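1. Next come a sequence and a model predicted from it.
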Amino acid sequence: MKTAPASGNGTLIWQRSSLELLPQRALWDGASGCLLVADLHLGKAESFQASGIPLPSDGDLSTLNQLLDLAAQHQPQRVVVLGDLIHSRVGLTAELRAKIRALPELLGCPLELIGGNHDQGSWLEGLRAGPPQRCGDLWLSHEPCTPHEPDLLNVAGHVHPVAVLGQGADRLRLPCFALHHTTRQLLLPAFGHLTGGWAVSSDYQRWVIADGHVLAVP
């Protein structure tokens, strides 16, 4: 197993792959032309509104615009969502369906979805929720797992990793990329804006996202 810590520009070397940890909470695999994101949770505000919680509905637009900006910058051959593209069937409005249906054309490449727990039971026109899959040196899944092949790195979402830094009033909770060397798992931060986070321990090698930068945690 060959790994190297991320440098100041957010680069992780795994086997033959050079992976860019992007401050927009995404992973770029330039060799395969694959842009990876996880946990967009589109329609979450509408899901909460249906329960009487008045969240604003502009979070999806910000999330989708950020994805389109990334695609314009990197020109991917495909975009893969590692689960939880949507939050629930309740929030899957006709307007949101239309936006998702238009995404491949707007992205300029195919859009693929690895099914997550929040995607279950929902039908999206032209977008089938598929199983975990291999992509070069990576094993892509929604929930973290240990790859069967020893040279593969599992890239997953689901847990919305954050790093807790400092103490007391100076404590910060920052979204992060988290690498566990023993289990060969790289956890991606949630791409969506209306998401919480799970504090990962120091057993993980962590890179926080702060002020538009990816910074390694000592």
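-> Ah, there it is. Numbering: from 1, shown residues only.

2. excluding its backbone neighbours, what's nearest the residue sitting nearest the centre point of the chain?
-> For the chain, the residue sitting closest to the mean C-alpha position, by CA atoms, centre = their mean, is A38 at 2.4 Å. Closest residue to A38 in three dimensions, ignoring its sequence neighbours and counting by CB to CB, 6 or more residues apart in numbering: G157, at 2.6 Å. The way it works is simple: take the backbone N, C-alpha and C, and place the C-beta from them, glycine included.

3. ok, residues contacting the lengthiest strand in the chain?
-> With DSSP state E setting the assignment, residue counts place strand 172-180 as the longest strand in the chain. Contact with strand 172-180 is made by 3, 6, 12, 21, 25, 27, 160-166, 185-190, 197, 199-200, 203-210, 214, 217, as judged by CB atoms under 8 Å, 6 or more residues apart in numbering.

4. run the last query once more with 6 Å
-> With CB atoms under 6 Å, 6 or more residues apart in numbering as the test, strand 172-180 has contacts from 21, 161-166, 186-187, 189, 200, 204-210.

5. Buried residues, that strand. List them.
-> Residues of strand 172-180 classed as buried under the neighbour-count rule (16 or more other CB atoms under 10 Å) are 174-180.

6. what's the answer for stretch 140-147, then?
-> By neighbour count, and taking 16+ other CB under 10 Å as the criterion, the buried residues in stretch 140-147 are 140-142, 144, 147.

7. export that stretch as CSV, just CAs?
-> Listed next in CSV are the C-alpha coordinates belonging to stretch 140-147 (Å, rounded to 0.1, in the frame of the first residue of the first chain):
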residue,chain,number,x,y,z
LEU,A,140,-16.7,3.9,-4.6
SER,A,141,-19.6,3.4,-2.1
HIS,A,142,-22.1,5.4,0.0
GLU,A,143,-21.5,3.8,3.3
PRO,A,144,-17.8,3.2,4.3
CYS,A,145,-16.5,-0.4,3.9
THR,A,146,-13.2,-2.2,3.7
PRO,A,147,-12.3,-3.1,0.1
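
8. Run the chain-centre distance for that stretch.
-> 13 Å (CA atoms, centre = their mean, to the nearest Å).

9. max-length helix in this protein?
-> Among all segments of the chain classified by DSSP state H, the helix with the greatest residue count is helix 59-74.

10. Next secondary structure after it?
-> With elements assigned by DSSP states H and E, the helix or strand that comes after helix 59-74 is strand 78-81.

11. Could you list the buried residues of whatever helix or strand comes next after that next one?
-> Proceeding N to C from strand 78-81, the next assigned helix or strand is helix 94-107, under DSSP H and E. If you call a residue buried by 16+ other CB under 10 Å, then helix 94-107 has these buried ones: 96-97, 99-100, 103-104, 107.

12. next one: stretch 144-158
-> When burial is assessed from 16+ other CB under 10 Å, stretch 144-158 yields the following buried residues: 144, 147, 152-158.

13. As JSON lines, those residues with pLDDT would be great.
-> Formatted as JSON lines, those follow (pLDDT from 0 to 100):
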{"residue": "P144", "pLDDT": "97"}
{"residue": "P147", "pLDDT": "91"}
{"residue": "L152", "pLDDT": "96"}
{"residue": "L153", "pLDDT": "97"}
{"residue": "N154", "pLDDT": "98"}
{"residue": "V155", "pLDDT": "98"}
{"residue": "A156", "pLDDT": "98"}
{"residue": "G157", "pLDDT": "96"}
{"residue": "H158", "pLDDT": "95"}
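
14. Cheers, nothing more for now.
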